[in-house]
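K.L.:
Below is the structure, and that's it, no one-letter string:
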């Protein structure tokens with residue numbers, strides 16, 4: 001998040017160059033769509049910047065709650081947009097591949113709203129603690145609060161790695177906190193409280209109850225008939241599904257209902273175990289015969305060939321038939 005100013009369009013050119021190098025085909029759909037929406041709203045804003053930024057004064061005192069939806073998608077200038085979208089491009093690729101598009105979009109929606117609410121709570125608390133009304137009037141805008149939340153989640157999935165924060169190698173476990181301080185020192189116009197709100201939302205998801213609550217809400221929606229398949233849900237656990245750069249799309253993954261069992265005949269119903277066994281054998285032989293017939297499409301059977309079940313039936317006029325007739329005459 002940042003507190004307002006506009007500049008040239010060099011940032012847009014650098015962002016276009018970044019997208020060209022990566023290739024649009026290599027960007028997951030949700031990441032590409034959200035990135036495109038941010039660029040579109042920068043070029044054609046939904047409202048002037050002073051009416052999209054969020055603050056305690058505007059949102060809480062004056063009741064303009066729509067700012068919670070508008071502020072993450074608008075940026076102060078093209079450089080602000082470039083740095084946020086370049087960061088989102090790489091974070092989005094990793095997390096969308098791990099968590100899957102539907103869950104990733106769900107996560108972005110929740111984080112965008114929740115980051116703004118936490119930001120308002122922190123600014124209101126600072127106003128009460130310091131008795132300084134300037135905290136309630138500070139108006140912030142931008143996607144970076146959501147990016148800090150995504151960074152916490154990405155680092156949670158790769159706790160042993162190393163991140164370079166402005167050229168300084170930092171363990172992934174502490175990277176978000178180091179970047180929070182470094183960005184505030186090097187870029188005084190950025191919103192320290194907005195970035196802190198993003199980190200807290202990320203922690204609510206990784207070590208707090210937020211992920212469980214989101215799963216329950218997703219389960220309620222899918223079980224209420226809003227999806228084409230009953231029982232579909234999204235799994236976003238870190239141990240399975242998509243995570244990291246080489247994930248598979250579930251996380252959430254979609255799970256279809258259990259497939260119907262293979263149809264089988266019921267052999268009970270007053271029969272003894274021996275009778276059930278005999279019936280099962282007969283049924284198996286009959287199914288085997290039908291299976292062979294379905295598979296077959298061979299040339300017409302030779303008259304002396306045995307049936308598919310493996311039982312040999314003597315054919316009339318064969319040597320075996322003549323021998324059997326002789327034995328019966330002898331016995332008589």
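P.N.:
It's in. What you see is a predicted model; the values in this text were computed from it and never measured.
K.L.:
got the contact list for the closest residue to residue 200 other than its chain neighbours?
P.N.:
Excluding its sequence neighbours, the residue lying closest to residue 200 (Cβ to Cβ, 6 or more residues apart in numbering) is residue 118, at 5.5 Å. C-betas here are computed from N, CA, C, even on glycine. Contact partners of residue 118, counting by Cβ atoms under 8 Å, 6 or more residues apart in numbering, are 197, 200-201.
K.L.:
Just send those residues back as JSON lines, with neighbour count, pLDDT and distance to residue 215 too.
P.N.:
Shown next, in JSON lines, are the contacts of residue 118 (neighbours: other Cβ atoms under 10 Å; pLDDT from 0 to 100; distance: Cβ to Cβ, whole Å):
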{"residue": "197", "neighbour count": "27", "pLDDT": "96", "distance to residue 215": "23"}
{"residue": "200", "neighbour count": "21", "pLDDT": "97", "distance to residue 215": "20"}
{"residue": "201", "neighbour count": "29", "pLDDT": "97", "distance to residue 215": "16"}
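K.L.:
Keep only those of the residues you listed that are in helices.
P.N.:
Within those, residues falling in helices by DSSP state H are 197, 200-201.
K.L.:
Name the nearest of these relative to residue 140.
P.N.:
residue 197 (9.1 Å; Cβ to Cβ).
K.L.:
if I look at that closest one, how far off is residue 15?
P.N.:
25 Å (Cβ to Cβ, to the nearest Å).
K.L.:
burial of residue 134, as a residue count?
P.N.:
Neighbourhood size, residue 134 [other Cβ atoms under 10 Å]: 10.
K.L.:
same check, this time on residue 205
P.N.:
24.
K.L.:
do the one 5 residues further on as well
P.N.:
Number of residues near residue 210 (other Cβ under 10 Å) recorded here: 19.
K.L.:
In three-state terms, label the closest residue in space to it that isn't next to it in sequence for me.
P.N.:
Excluding its sequence neighbours, the residue lying closest to residue 210 (Cβ to Cβ, 6+ apart) is residue 204, at 4.1 Å. Following DSSP: H, G, I helix; E, B strand; the rest coil, the label given to residue 204 is helix.
K.L.:
per-residue confidence at residue 204?
P.N.:
On pLDDT, residue 204 comes in at 96.
K.L.:
And it, how far from residue 74?
P.N.:
Going from residue 204 to residue 74 by Cβ to Cβ gives 24 Å.
K.L.:
more neighbours, these two?
P.N.:
A side-by-side neighbour count of residue 204 and residue 74, using other Cβ under 10 Å, places residue 74 first with 24 against 18.
K.L.:
surely that one meets residue 48?
P.N.:
No: judged on Cβ atoms under 8 Å, residue 74 makes no contact with residue 48 at a distance of 9.5 Å.
K.L.:
Ramachandran coordinates for residue 141?
P.N.:
phi -150, psi 150 (degrees, to the nearest 10).
K.L.:
List the buried residues of stretch 191-201.
P.N.:
For stretch 191-201, the neighbour count (16 or more other Cβ atoms under 10 Å) marks 191-201 as buried.
K.L.:
got the contact list for that stretch?
P.N.:
By Cβ under 8 Å, 6+ apart, the surrounding residues in contact with stretch 191-201 are 1-3, 111, 114-116, 118-119, 122-123, 126, 135, 138, 140, 142, 144-149, 151-152, 176-177, 180, 183-184, 210.
K.L.:
Buried only: go through those residues for me.
P.N.:
Applying 16+ other Cβ under 10 Å to these, the neighbour count classes 1-3, 111, 114-116, 118-119, 122-123, 126, 135, 138, 140, 142, 144-149, 151-152, 176, 180, 183-184, 210 as buried.
K.L.:
Filter these down to the ones in helices?
P.N.:
Using DSSP H, the buried ones among the contacts of stretch 191-201 in helices are 111, 114-116, 118-119, 122-123, 126, 135, 144-149, 151-152, 176, 180, 183-184, 210.
K.L.:
Check the gap between the residue nearest to residue 200 and residue 102 for me.
P.N.:
In terms of Cβ to Cβ, residue 118 sits 24 Å off from residue 102.
K.L.:
quick one: average pLDDT of stretch 174-191?
P.N.:
On average, stretch 174-191 scores 86.
K.L.:
if I look at residue 211, how far off is residue 54?
P.N.:
Residue 211 sits 25 Å away from residue 54, taking Cβ to Cβ as the criterion.
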